[in-house]
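**Student:** Show me how the following folds:
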Amino acid sequence: MSSSPILVWFRRDLRLSDHPALNAACATGRPVIPVFIHDDTVQALGAAPKWRLGLGLEAFDQSLRAKGSRLILRQGDALEQLQALTRETGASAVYWSRLYDPAAVARDTGVKSALKEQGVEARSFGGHLMFEPWTVETKTGGFYKVYTPFWNMVKTREVEPPLPAPATLPAPSNWPESDTLSDWQMGKAMDRGAEIVRPHVRLGEQAAQTRLAMFVDRIVDGYDTTRDLPGVDGTSGLSQNLSLGEISPHQCWHAGQRARQEGKKGAETFLKELVWREFAYHLMHHTPHLLTGNWKEAWDAFPWHRDPNAPAVMAWKQGRTGIQFVDAAMREMYVTGTMHNRGRMIVASYLTKHLLTHWQIGMDWFEDCLVDWDPASNAMGWQWSAGSGPDATPYFRVFNPVTQLDKFDKNRDYVSRWIAEGRSHPSAQALSYFDAIPLSWKMTPKDAFPAPVVAADEGRKVALNAYENKGF
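**Tutor:** Residues are numbered from 1 along each chain as shown. Alright, predicted model coming up:
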């Protein structure tokens, strides 16, 4: 047992530094075999997040090989593959980083129980979150349903300092067989969009660390203002890396704390955004129906439209609503795989309030299109915008996408970057949108920009009328 290998089962933790499970395995001095399993949870991913995961796995394997290790790839049921690997390698332990969505919890609970019954050590570690969801409690022992008290509870908590990357990764004498990543065709559903999105991907641990350092050095001081301006580079831009664990929240938190201590004004706001992510996971853990239905049951009676192919919904998906802020944001997503947070609020409000369309349609569309898709943050964001979620925007708050544009994109830098129609010299980014979208949409830059599907002021009246009729 003292020399038997340890399998480290990687999932959404594709990094070497600040990795408790990997550090614990390496600290034993026993051979370490990094493993990734393409199981049903991977198969269920949308087009963009699955493609981005494939890129992340390729980059992570390169990082491992630079340390004299490698990533073993297997496809199939997670427990069956881990059992096969323990037989093939003689491994007597499996370590992994915890995940918190219901599907992952059910899978991991079953894996841990079955492995232990067979005499295999099975250990799960933190790392994906700063605060385990079950450790943050109200004074009465319950969970938090409102963000501000949650923030006040955790803001002074000690967050473990990031761990360094292991100096060495002990290799086994013989490596087990591995699938070939290209055979999995993880980018197949992206079609021609992959070529357009790829230059905008911030790939891998080193790129994430470089971006964090630049953000803290140049951007965070003005973050209070710049985070709301979609036309400037004013956010951390680390969402895709956090989603796949190419950087840890602990690393971001301590960088933000150093910036705060240096007097950089926007640092606390950055820390609050990291805790908003934690809050989403806290809620997903305690109320997993956040992912599948209205968090507030009263909203089950709301007259949502539910046809994902309705003409108005298709106009929203295609960035052809005739509302510049909405359309620019949707097009940014197709070209870059991400969307500015202000844009996310605007497009979600427009779909759920102006078009009275169920938030799950938008949530599912984002799940297919975002390279930074995250189960908790995506569900929380959509329910917050719709008004059906915890600590949500009030029902009567209907973002006016025209006045929002005047406030946050006064010079129309964002709109000019992403909308080509009606411009004699459209930007390269605006034109690349037409190279990314499905040919079946039959759209060209020479099309006329459409009239609004629902005008900004009209949509507010329609939404408020629906709320009042249902007693909200």
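
**Student:** Got phi/psi on the residue nearest to Glu132 when sequence neighbours are not counted?
**Tutor:** Take Glu132 and drop its neighbours on the chain: the residue closest to it by CB to CB, 6 or more residues apart in numbering is Gly126, 6.1 Å away. Where C-beta positions appear, they are placed from N, C-alpha and C, glycine not excepted. Per-residue torsions, Gly126: phi -80, psi -170 (degrees, to the nearest 10).

**Student:** Might you report the residue contacts of Gly126?
**Tutor:** Shown in contact with Gly126 (CB atoms under 8 Å, 6 or more residues apart in numbering): 20, 97-98, 132.

**Student:** now do Gly319
**Tutor:** The contact partners of Gly319, by CB under 8 Å, 6+ apart, come to 326-331, 334, 433.

**Student:** So which of those belong to helices?
**Tutor:** Among the contacts of Gly319, DSSP state H puts 326-331, 334, 433 in helices.

**Student:** Name the nearest of those residues relative to Val201.
**Tutor:** Nearest to Val201 among the ones in helices among the contacts of Gly319, counting by CB to CB, is Tyr334 at 13.9 Å.

**Student:** ok, that closest one to Phe434 distance?
**Tutor:** Here the criterion is CB to CB, to the nearest Å. By it, Tyr334 lies 10 Å from Phe434.

**Student:** Comparing the two, which shows the higher neighbour count?
**Tutor:** For Tyr334 versus Phe434, neighbours defined as other CB atoms under 10 Å are more numerous around Tyr334 (24 against 20).

**Student:** List the contacts of the nearest residue to that one once chain neighbours are set aside.
**Tutor:** Spatial nearest neighbour of Tyr334, excluding adjacent residues (CB to CB, 6+ apart): Ala436 at 4.7 Å. Counting by CB under 8 Å, 6+ apart, Ala436 makes contact with 192-193, 196-197, 334-335.

**Student:** Got a quick ChimeraX command for the buried subset of these?
**Tutor:** Of these, the buried ones go into a single ChimeraX selection, burial set by 16 or more other CB atoms under 10 Å:
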select :193,196,197,334,335
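
**Student:** Lowest-confidence member of the contacts of Ala436, which is it?
**Tutor:** Note: of the contacts of Ala436, the lowest pLDDT belongs to Arg192, at 92.

**Student:** Am I right that it is in contact with Asp435?
**Tutor:** Yes. Arg192 lies in contact with Asp435 (CB atoms under 8 Å); the separation is 6.9 Å.

**Student:** Return the set of buried residues in the least confident helix or strand in the chain by mean pLDDT.
**Tutor:** Ranked by mean pLDDT, DSSP states H and E, the weakest helix or strand in the chain is helix 456-469, scoring a mean of 85. With burial defined by 16+ other CB under 10 Å, the residues of helix 456-469 counted as buried are 456, 459-460, 462-463, 466-467.

**Student:** Would you mind measuring the gap between the ends of stretch 131-151?
**Tutor:** Criterion CA to CA, to the nearest Å; first-to-last residue distance in stretch 131-151 is 11 Å.

**Student:** what's the pLDDT at the residue nearest to Tyr144 when sequence neighbours are not counted?
**Tutor:** Using CB to CB, 6+ apart and skipping the chain neighbours, the partner closest in space to Tyr144 is Phe150 (4.0 Å). The model reports Phe150 with a pLDDT of 97.

**Student:** Phe150 sits in which helix or strand?
**Tutor:** helix 147-154 (DSSP states H and E).

**Student:** what's in contact with the next helix or strand after that helix?
**Tutor:** Sequence order places helix 193-197 as the next helix or strand after helix 147-154, per DSSP H and E. If you take CB under 8 Å, 6+ apart as the criterion, helix 193-197 is touched by 47-48, 51, 187, 190, 334-337, 371, 432, 435-437.

**Student:** Just the buried residues of those residues.
**Tutor:** 47-48, 51, 187, 190, 334-337, 371, 432, 436-437.

**Student:** nearest to Leu14, of those?
**Tutor:** For the buried ones among the contacts of helix 193-197, the nearest to Leu14 is Val371 (13.5 Å; CB to CB).

**Student:** Surely that closest one is in a helix?
**Tutor:** No. Assessed with DSSP: H, G, I helix; E, B strand; the rest coil, Val371 is coil; it does not lie in a helix.

**Student:** can you give me the strands in the protein?
**Tutor:** 6-10, 32-38, 72-75, 93-97, 121-125 (DSSP state E).

**Student:** Tabulate these (JSON lines), appending distance to Ala448.
**Tutor:** Formatted as JSON lines, the strands of the chain follow (distance: least, CB to CB, whole Å):
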{"stretch": "strand 6-10", "distance to Ala448": "49"}
{"stretch": "strand 32-38", "distance to Ala448": "45"}
{"stretch": "strand 72-75", "distance to Ala448": "47"}
{"stretch": "strand 93-97", "distance to Ala448": "51"}
{"stretch": "strand 121-125", "distance to Ala448": "56"}
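
**Student:** Serialize the ones you listed to a markdown table and add fields for distance to Thr393, mean pLDDT and mean neighbour count.
**Tutor:** Shown next, in a markdown table, are the strands of the chain (distance: least, CB to CB, whole Å; pLDDT from 0 to 100; neighbours: other CB atoms under 10 Å):
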| stretch | distance to Thr393 | mean pLDDT | mean neighbour count |
| --- | --- | --- | --- |
| strand 6-10 | 37 | 98 | 26 |
| strand 32-38 | 38 | 98 | 24 |
| strand 72-75 | 42 | 98 | 20 |
| strand 93-97 | 33 | 98 | 23 |
| strand 121-125 | 35 | 98 | 17 |
